[in-house]
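All I have is the shape, not the residue letters:
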Ligand SMILES: *Cc1c(COP(=O)(O)O)cnc(C)c1O
C-alpha cells in the first residue's frame, strides 16, 4: 500500500465497479446521458454519519429508471452497498450522494436506436451541498418567478423522474441572479406554481399548508414536510396553486434534500411574514432535523466497509 494514497476527501465515485476520487470520475462524450440528457438520477444525503430515508430515495430512483425504460444490472441491495462504500471511502460525515442511470453509448456505432445503447449505473458523493447557502437560509430566501420562461410541460418531459433537463431552470436562474434574487421558481402554462431547480414549494395561509400536486418532482423532503404536518396536526393539501394565490400567502417555504425546510421571505416584489421565517416554517424546519435522529428514517453509514 502506498504511503500517500489518492485523495478522496473531496468525494468518491463508483464507476464500472471501481471507486475513484471524484475528480477522476468520467463518462464518454458519446454517452446519450450527455448528448440527449437521456439520464435519470437521485440524491440522498448523509447527515452526521447517517443516511436519511435511503429506501424512499431508492424507490423513487427505481421508478424513474422504469419510467425512462432504462435497464441497469445493479440490484437495489448492490446500490445500497455501493453508496455505503463510496461514503466510507470519502470519510464524509455530511454528504450529497448521487445515484445515476444513463442511456449510455450505442453498442452499434452511430445507431439512433435507444435500444442499442448500453445503459449503465454510476454513483458519486461529495461534501454536503446546500441548495440555498447557509447565509441565504439564515436571512430567508428571495425567489424570482420569471414571466418569460415556464416549467417544461409534464406531458413533454415527466418531472416525476428526476432529470437533467434544466434548460428552463437555467434561464430562470440567470434572470434571478442578474436581478439579485437567490433562486427561481417556475409556473406552468396555466399560471400554477411548479417548483424550482432542486426544490419544491409550499405556502401557508390562515394556518393551512398547500403545495402543488403536479408538474413537479415529488420530493422526498416534500413528502417529509407533508408527513410532519400530519404529525403536528397541521392541515396540508396537495392541489394546484396559482402564483396569484401564493402571492397572498402568510408564509412560503421550500423543501429540498439540500437543506431541508427553508423559509422563503420574498417572491418577486412581495415580502412574506415581514421578511423572516414564519412560525409554521420554523416548526417544520426544526422538526426536519429532529427526524434525523429517528431510527425509522436513518441508517448509519458503514464506514468500516470501504469497497476494497
Ligand atoms: C431533487 C429535486 C427536488 C427536491 O426533491 P427532494 O427529494 O426533496 O430533494 C425538487 N425539484 C426538482 C426539479 C428536483 O430535481
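Everything's here; your move. These numbers come from a predicted model, not from an experiment.

ok, the residue nearest to residue 105 when sequence neighbours are not counted to the ligand distance?
Leaving aside its chain neighbours, residue 105 sits nearest to residue 30 (4.6 Å; criterion: C-beta to C-beta, 6 or more residues apart in numbering). Heads up, the C-betas are built off the backbone N, CA and C, glycines and all. Distance, residue 30 to the ligand, using C-beta to the nearest ligand atom, to the nearest Å: 25 Å.

Residue 30 contacts residue 107, doesn't it?
No: counting by C-beta atoms under 8 Å, residue 107 is not a contact partner of residue 30; they are 11.2 Å apart.

Between these two, which is the more surrounded one?
residue 30 (13 against 10; other C-beta atoms under 10 Å).

Ramachandran coordinates for the residue nearest to residue 280 when sequence neighbours are not counted?
Excluding the flanking residues, the one nearest residue 280 by C-beta to C-beta, 6+ apart is residue 204, at 4.7 Å. With angles defined as degrees, to the nearest 10, residue 204 sits at phi -120, psi 130.

Contacts only, for residue 204.
Residue 204 sits next to 210, 249-253, 278, 280-281 when contact means C-beta atoms under 8 Å, 6 or more residues apart in numbering.

What about those residues, which are in strands?
Here DSSP state E is the test, and those give 210, 251-253 as lying in strands.

on contacts alone, who are the packing partners of the helix or strand residue 169 falls within?
Element membership for residue 169 (DSSP states H and E) is helix 167-178. Applying 3 or more C-beta pairs under 8 Å, 6 or more residues apart in numbering; DSSP states H and E, one finds that helix 167-178 makes contact with strand 141-144, strand 183-184, strand 186-187.

What residues sit buried inside it?
168-169, 171-173, 175-176 (16 or more other C-beta atoms under 10 Å).

which one of these is nearest the ligand?
residue 169 (7.2 Å; C-beta to the nearest ligand atom).

So that closest one is in contact with residue 184, correct?
Yes: counting by C-beta under 8 Å, residue 184 is a contact partner of residue 169 at 6.7 Å.
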